[in-house]
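Asker: my questions are about this predicted structure, shown below with the sequence.
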Amino acid sequence: MAKRTFYDAFQVSRNADPETIRTAYKSLAQRYHPDNPEGEKFLKILNRAYEVLSDPAKRAGYDAALADDDEDQPEQSRDETFTKNATATEVNIPADDPAQASVNGDTALYEAAIGEKNTTYYLAKFEQFDQQGTGLKPGWNWPAFVLGGTWALYRKMYGWFFAFFGIIFLSNLFEKTGSPVIGAIIFIGPWVAFTIYANSLYHGKVSKKIAAARLTLRDESRLLAYLRQAGGVHAWVIWVFGFVPIIGIVAAITIPAYHDYQKRAVAQQSQQPATDWEKGEMTPPGGSPPQNQQAATEISYEEAVSSGGASPQTQLSMPTADIIPDGPIVDPFLDSVKKAAAQGDGGAQYNLGLRYAQGQGVAQDYAEAIKWFRLAAAQGHAKAQYNLGIVYYVQGQGVAQDYAEAVKWFRLAAAQGYADAQFNLGSVYAQGQGVAQDYIRAYLWSNLAAAQGSAGAAMNRDKLVGLMTPQQIAQAQKMASECQQRNFKNCD
């Protein structure tokens, strides 16, 4: 049998007109799609055959070469032989034939479709795949391994790009439903498989694009121009996805720093009002400190016993009329304090309570103040615990007067070493308010507060000495020493 020709491949005669050849090519190219491994080889032959026969100059040269080679065999006989016996896998154009379809024969088209990035690398890979025959061929691709779907988008392999999104979604779904191992397999398996066959998949994609373009474009210059435009790479992908890690690093540095700055600002703003309010020294704009502070801090035990009217240092915590300004104080940190308090920050909750108690930037509201004090106290905030003790001790400050509840909160704050709470705890023991009257414990807590610098507690302790026996004083001093060693825990 004579060597089959490009005319045989299209099952047309040598004198077929260009439109007949084009129609035959289109029909066969659709039949032997690149996605069908059995038709991949024949499609390459069709591409090469159409490149030659659709160009008048190339066709003339090809016809002349055939005339020299096949003078003794009638054309009709050859066509009949092909029509009766040939299938896609039987087409056999010798490798030494100058018209053999391969990357070498279509180098310009492949270069146009690949683009300028790594053209030499992919041409070499594609030529190697052509020599290996049909089907997927393994060939590790490092950019595909590192970038995954991003590499597919860069090479305009949109189907694989979106496939990666689906893989990631499924992986996360299994992980969230309690199957992290399956999720990892779904994620890693396809990623590695794609990396291994990325070059071969890209080869098929480029071949398909060239075959499709030949169906509509006869002129080689237009064909090349189209492939350069439709092929190549998306250079913007590198810029976009390159900046994502940089933005992530910057965000990881700046966002925590900004949060730390906000917390410091809230703390700085919060600490000053908290200290002043607890010490009874808050001064309104244009006002002056209260004048009754000394009397409030120097409540004596004898006065308490004789008059029954002495009380813990209530002036130290709850604002009185002479320190509340006529109008609201502008508080530039109020929004930050509210936000931090809502997020569960104990210090912010405490200081928001102070603002409601004082009417600083908000309408004065003891009930709201107590709400925030209680939330902060539940987190172990000593000053909030102390102020809760005050509001329960003082009648009409947002809750019903309850000495036992006041003692409870004084005791919690005192156990954290808060001197004012220790002073007040000593006072209620001395007076028997909310607890059984106990001079030893009154001395114990007054002595501990005095050791931290409380002048009022020192005065009360010294006056208690005249009401106690030497044995009681020695016992109270021993208990105070042991309490300090235990860091104020389990002292009462």
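Answerer: Noted; the coordinates are in hand.

Asker: and His381, what are its phi and psi?
Answerer: Dihedral angles of His381 (phi, psi; degrees, to the nearest 10) stand at phi -80, psi 110.

Asker: compute the number of surrounding residues for it.
Answerer: When counting by other Cβ atoms under 10 Å, one arrives at 24 neighbours for His381. (Glycine included, C-beta is placed from N, CA and C.)

Asker: ditto for the one 4 residues further on
Answerer: Around Gln385 sit 27 other residues, with neighbours defined as other Cβ under 10 Å.

Asker: quick one: Tyr403 and Asn424, what's the gap?
Answerer: If you measure Tyr403 against Asn424 using Cβ to Cβ, to the nearest Å, the figure is 11 Å.

Asker: shared neighbours, the two?
Answerer: Residues within reach of Tyr403 and of Asn424 at once, by Cβ atoms under 8 Å, 6 or more residues apart in numbering, are Tyr393.

Asker: got the contact list for stretch 484-491?
Answerer: So stretch 484-491 is contacted by 414-417, 422, 444, 448, 451, 479, 482-483 (Cβ under 8 Å, 6+ apart).

Asker: and which of those residues is nearest Val181?
Answerer: Gln416 (46.8 Å; Cβ to Cβ).

Asker: tell me the pLDDT at that closest one?
Answerer: If you check Gln416, the pLDDT there is 92.

Asker: wait, isn't it in contact with Ala384?
Answerer: No: using Cβ atoms under 8 Å, Gln416 is not in contact with Ala384; the gap is 10.9 Å.

Asker: between these two, point out the one with more neighbours.
Answerer: Ala384 (29 against 17).

Asker: for the more buried one, which non-adjacent residue is closest in space?
Answerer: Nearest non-adjacent residue to Ala384, counting by Cβ to Cβ, 6 or more residues apart in numbering: Ala376, 3.6 Å away.

Asker: that neighbour: which element?
Answerer: Using DSSP states H and E, Ala376 sits in helix 366-378.

Asker: name the helices or strands packed onto that helix?
Answerer: Under the contact criterion of 3 or more Cβ pairs under 8 Å, 6 or more residues apart in numbering; DSSP states H and E, helix 366-378 touches helix 346-358, helix 382-393.

Asker: how much does the shortest one deviate in direction from helix 366-378?
Answerer: Angle, helix 382-393 to helix 366-378, by axes from the mean of the first three to the mean of the last three Cα atoms, to 10 degrees: 140 degrees.

Asker: tell me how far the helix or strand where Ser481 lies lies from the chain's centre.
Answerer: In the assignment (DSSP H and E), Ser481 maps to helix 470-485. Offset of helix 470-485 from its chain centre (Cα atoms, centre = their mean, to the nearest Å): 56 Å.

Asker: please identify the buried residues of it?
Answerer: Residues of helix 470-485 classed as buried by neighbour count (16 or more other Cβ atoms under 10 Å): 472-473, 476, 479-480, 483.

Asker: okay, the residues you listed in CSV with pLDDT and distance to Gly148 next?
Answerer: Shown next, in CSV, are these (pLDDT from 0 to 100; distance: Cβ to Cβ, whole Å):
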residue, pLDDT, distance to Gly148
Gln472, 93, 80
Ile473, 94, 79
Ala476, 91, 74
Met479, 92, 70
Ala480, 90, 69
Cys483, 93, 64
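
Asker: average pLDDT for the helix or strand that contains Ala184?
Answerer: Taking DSSP H and E as the definition, one finds Ala184 inside helix 180-216. Summarised as a single mean, pLDDT over helix 180-216 is 88.

Asker: who's in contact with the residue nearest to Ala384?
Answerer: Going by Cβ under 8 Å, 6+ apart, Ala376 touches 346-347, 349-350, 353, 384.

Asker: and Arg31, how far from Leu43?
Answerer: 9 Å.

Asker: which of these two has more neighbours?
Answerer: Neighbours were tallied for Arg31 and for Leu43 using other Cβ under 10 Å; the higher tally belongs to Leu43 (23 against 13).

Asker: the more buried one touches Ile210, doesn't it?
Answerer: No: under the criterion of Cβ under 8 Å, Leu43 makes no contact with Ile210, lying 9.7 Å away.

Asker: in helices only, show me the contacts of stretch 484-491.
Answerer: 414, 422, 444, 448, 451, 479, 482-483 (DSSP state H).

Asker: reformat those residues as CSV; add distance to Ala124.
Answerer: Shown next, in CSV, are the ones in helices among the contacts of stretch 484-491 (distance: Cβ to Cβ, whole Å):
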residue, distance to Ala124
Ala414, 82
Gln422, 84
Leu444, 90
Leu448, 85
Ala451, 86
Met479, 89
Glu482, 85
Cys483, 84
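
Asker: of all those residues, which comes closest to Phe162?
Answerer: Ala414 (65.1 Å).

Asker: okay, now the unreliable bits of the stretch 151-300 of the chain?
Answerer: Residue ranges of the stretch 151-300 of the chain with pLDDT under 70: 215, 218, 263-300.

Asker: of Tyr403 and Asn424, who's got more company?
Answerer: When Tyr403 and Asn424 are compared for neighbours, Asn424 comes out ahead with 34 against 17, by other Cβ under 10 Å.

Asker: which SSE is that one in?
Answerer: Counting by DSSP H and E, Asn424 is part of helix 419-431.

Asker: rewinding a little: and the helix holding Ala184, what does it pack against?
Answerer: Judged by 3+ Cβ pairs under 8 Å, 6+ apart, the packing partners of helix 180-216 are helix 18-31, helix 37-53, helix 107-114, helix 119-132, helix 142-147, helix 158-176, helix 220-230.

Asker: give the buried residues for the last one.
Answerer: If I follow you right, that is helix 220-230. 223-224, 226-227.

Asker: from those residues, which two are the most distant?
Answerer: Spanning the widest gap among the buried residues of helix 220-230 are Leu224 and Tyr226, at 7.3 Å by Cβ to Cβ.

Asker: tell me which helix or strand the residue nearest the centre of the chain sits in.
Answerer: Centrality entry for the chain: nearest residue to the mean C-alpha point is Gly248, 9.1 Å, by Cα atoms, centre = their mean. Using DSSP H and E, Gly248 sits within helix 235-278.

Asker: mind listing what Tyr403 touches?
Answerer: Contact partners of Tyr403, counting by Cβ under 8 Å, 6+ apart, are 392-393, 428, 433-435.

Asker: so for stretch 63-70, what's the average pLDDT?
Answerer: Over the span of stretch 63-70, the pLDDT mean works out to 79.

Asker: span of stretch 173-182 from start to end?
Answerer: Start and end residues of stretch 173-182 are separated by 10 Å (Cα to Cα, to the nearest Å).

Asker: what does that stretch rub up against?
Answerer: Contacts of stretch 173-182 (Cβ under 8 Å, 6+ apart): 183-184, 186.

Asker: list only buried entries from those residues.
Answerer: Buried subset of the contacts of stretch 173-182 (neighbour count, 16+ other Cβ under 10 Å): 183, 186.

Asker: nearest to Glu111, of the contacts of stretch 173-182?
Answerer: Ile186 (37.2 Å).

Asker: isn't the closest one right up against Ile167?
Answerer: Yes: in this structure Ile186 lies within contact range of Ile167 using Cβ under 8 Å: 6.4 Å.
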